[in-house]
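In: missing the sequence, but the structure's below:
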């Protein structure tokens with residue numbers, strides 16, 4: 001008998017999420033049916049979108065069901081297979097959830113994808129060469145429309161998505177400016193990732209102060225802004241946007257506990273003729289092959305750098321997830337399961 005440890009959603013948060021909203025259980029791995037594959041998950045991805053799915057409210061995705069395994073991306077190794085396309089030892093990426101083992105119906109297209117780890121680390125398929133990387137690629141390329149001489153700014157610049165946005169912008173000849181929390185993160189964004197500047201929002205307690213700092217970092221204004229946070233940071237960016245600028249709305253982590261996020265100067269959208277577009281990367285599967293090819297090549301050749309925060313063991317997932325929501329992670333937040 002193979003025992004599988006799983007994290008379930010035990011209750012819906014009232015305001016801020018806590019460890020009490022989760023429950024650890026142990027179950028027996030079932031026998032496989034024809035077409036199924038058993039994967040031993042090596043890494044679990046923790047992402048801000050998971051907080052929104054914990055709520056039972058209208059959103060772009062169905063709420064996470066109670067008393068079921070938390071949804072989440074995983075990478076791992078096939079340990080048993082009853083499908084001809086997958087062999088024991090294959091490395092795969094999928095949505096295995098917050099658990100050590102996952103049974104996947106490999107007859108469904110896209111449920112599992114084999115990956116090559118000869119030049120790209122397995123964990124990177126949950127970050128720079130995975131959903132976060134493609135998210136960065138789509139929002140930047142398809143919405144912000146980067147080009148030589150343009151200025152692109154991104155919030156949460158040291159995170160899994162923001163760090164890729166800036167590096168892709170630099171590769172396209174842009175000035176890349178990050179917004180991050182803390183001197184260490186800002187130093188990493190500039191010195192390691194190659195951004196031109198990074199503004200530490202923790203040094204600025206109000207919108208005007210932060211906006212002034214952004215003016216210094218973006219002397220020619222901002223042409224494209226990639227939004228991961230919302231709130232005061234968005235308010236500070238808006239006066240710095242150039243006419244006909246573009247804003248890609250990817251995440252609004254400042255409002256993930258359910259509270260409204262007022263906007264101070266919405267009239268600037270009209271005055272500056274801005275294009276503001278929200279997007280969900282899973283609705284644009286047509287671009288994934290192109291994006292993954294560029295991202296994979298850049299990682300394999302050392303042109304795209306990334307950093308990971310790794311918690312150990314499935315038991316650590318709830319605390320690591322809550323830390324992610326408070327910005328305690330540095331780079332992509334993972335849970336190592338093996």
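Out: Good, I have the coordinates. What you see is a predicted model; the values in this text were computed from it and never measured.
In: The least confident helix or strand in the chain by mean pLDDT - contacts with which helices or strands?
Out: Taking mean pLDDT, DSSP states H and E as the measure, the chain has helix 49-53 as its least confident helix or strand, at a mean of 92. For helix 49-53, the packing partners by 3 or more C-beta pairs under 8 Å, 6 or more residues apart in numbering; DSSP states H and E come out as helix 317-325. In short, each C-beta sits where N, CA and C put it, glycine included.
In: Past the helix it packs on, which element shows up next along the chain?
Out: Secondary structure here is assigned by DSSP states H and E; on that basis, the next helix or strand after helix 317-325 toward the C-terminus is strand 332-336.
In: and the gap between the spatially closest residue to residue 179 that is not a sequence neighbour and residue 12?
Out: Using C-beta to C-beta, 6 or more residues apart in numbering and skipping the chain neighbours, the partner closest in space to residue 179 is residue 155 (4.5 Å). Separation of residue 155 from residue 12 (C-beta to C-beta, to the nearest Å): 27 Å.
In: Between those two, point out the one with more neighbours.
Out: Just comparing residue 155 and residue 12: by other C-beta atoms under 10 Å the higher neighbour count belongs to residue 155, 29 against 14.
In: which residues touch the most centrally placed residue in the chain?
Out: With distances taken as C-alpha atoms, centre = their mean, the chain has residue 132 as the residue nearest its mean C-alpha position (4.1 Å). Taking C-beta atoms under 8 Å, 6 or more residues apart in numbering as the criterion, residue 132 is in contact with 47, 126, 160-161, 164, 332.
In: Tell me the secondary structure at it.
Out: When states are read from DSSP: H, G, I helix; E, B strand; the rest coil, the local structure at residue 132 comes out as helix.
In: State the distance from it to residue 332.
Out: According to C-beta to C-beta, residue 132 and residue 332 sit 7 Å apart.
In: Which neighbours do those two have in common?
Out: Shared contacts of residue 132 and residue 332, defined by C-beta under 8 Å, 6+ apart, are found at 126, 160.
In: what's the host helix or strand of residue 165 in contact with?
Out: Mapping residue 165 onto the secondary structure by DSSP H and E places it in helix 162-171. Outside helix 162-171, the residues that touch it by C-beta under 8 Å, 6+ apart are 128, 132-133, 136-137, 139-141, 144, 146, 152, 154-157, 176-178, 180, 189, 193-196, 224, 226, 228, 294-295, 298, 303-307, 331.
In: buried set for stretch 134-143?
Out: Neighbour-count burial for stretch 134-143, with 16 or more other C-beta atoms under 10 Å as criterion, is recorded at 134-141, 143.
In: Show the average pLDDT along it.
Out: Mean pLDDT, computed over stretch 134-143, is 98.
In: I figured residue 239 hits residue 267, correct?
Out: No: under the criterion of C-beta atoms under 8 Å, residue 239 is not in contact with residue 267, lying 11.0 Å apart.
In: Break down the stretch 1-150 of the chain into its strands, ranges please.
Out: For the stretch 1-150 of the chain, the strands identified by DSSP state E, counting those that start in this stretch occupy 3-9, 22-28, 36-45, 74-81, 91-94, 101-105, 112-114, in order along the chain.
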